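[1] Okay, predicted coordinates and the sequence, questions at the end:
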Amino acid sequence: MNAIAARAIEAMDFFVAAVDQIPSDSWDQPSNLDGWSIRHLVVHTTGGAAKLVALAGGEPSDDLQQLAARLRDALAKKDPDPAMSVPIVGLTIHAWDVYQSQHRRSEERRVGKECRSR
């Protein structure tokens, strides 16, 4: 697996973990993005995750767990397109936003450090 594929999977896992930890009564609370609820933020970012899967050659879905599985499957079959770098960064940033919107600390992950250093 090359570096782009590894970063894509790490970013997806980071986002899935952030979404999995949202309490059911928090979805309509404001996010750290003006005018956006946590629900709006997750829907927007899930669209970016679907784009990442499509760029990897997988089938998009509106189900986050399916997107994560399809990304892994697609990346196992071929090397990713370098164009995936932009959606990877967006996915990582918005996963961080989900954590920050709930005043939760995100787990330190290498993908976040690498994205910030570029």
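    Okay, I see it. Residues are numbered from 1 along each chain as shown.
[2] List the contacts of the residue lying farthest from the centre of the chain.
    Centroid-distance maximum for the chain: Asp25 at 21.6 Å, with C-alpha atoms, centre = their mean. Contacts for Asp25 (C-beta atoms under 8 Å, 6 or more residues apart in numbering) come out as none. C-beta: built from backbone N, CA, C; applies to glycine.
[3] before we move on, what SS does it have?
    Under DSSP: H, G, I helix; E, B strand; the rest coil, Asp25 falls in the helix class.
[4] ditto for Pro80
    coil.
[5] swap in Asp34?
    Assignment for Asp34 (three-state DSSP): coil.
[6] which stretches of this protein form helices?
    Along the chain, counting by DSSP state H, helices occupy 3-20, 38-55, 64-77, 85-101, 110-117.
[7] Please name every helix or strand in contact with the first one.
    Secondary structure elements in contact with helix 3-20, counted by 3 or more C-beta pairs under 8 Å, 6 or more residues apart in numbering; DSSP states H and E, are helix 38-55, helix 64-77, helix 85-101, helix 110-117.
[8] so which of those comes closest to Asp13?
    For Asp13, the closest of the helices and strands packed on helix 3-20 is helix 64-77, at 7.0 Å, according to C-beta to C-beta.
[9] Quick one: distance of the closest one to the chain centre.
    12 Å (C-alpha atoms, centre = their mean, to the nearest Å).
[10] would you list the helices of the chain in CSV and tack on mean neighbour count?
    Output for these, formatted as CSV (neighbours: other C-beta atoms under 10 Å):
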stretch, mean neighbour count
helix 3-20, 20
helix 38-55, 20
helix 64-77, 18
helix 85-101, 21
helix 110-117, 14
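[11] This completes my enquiry, with thanks.
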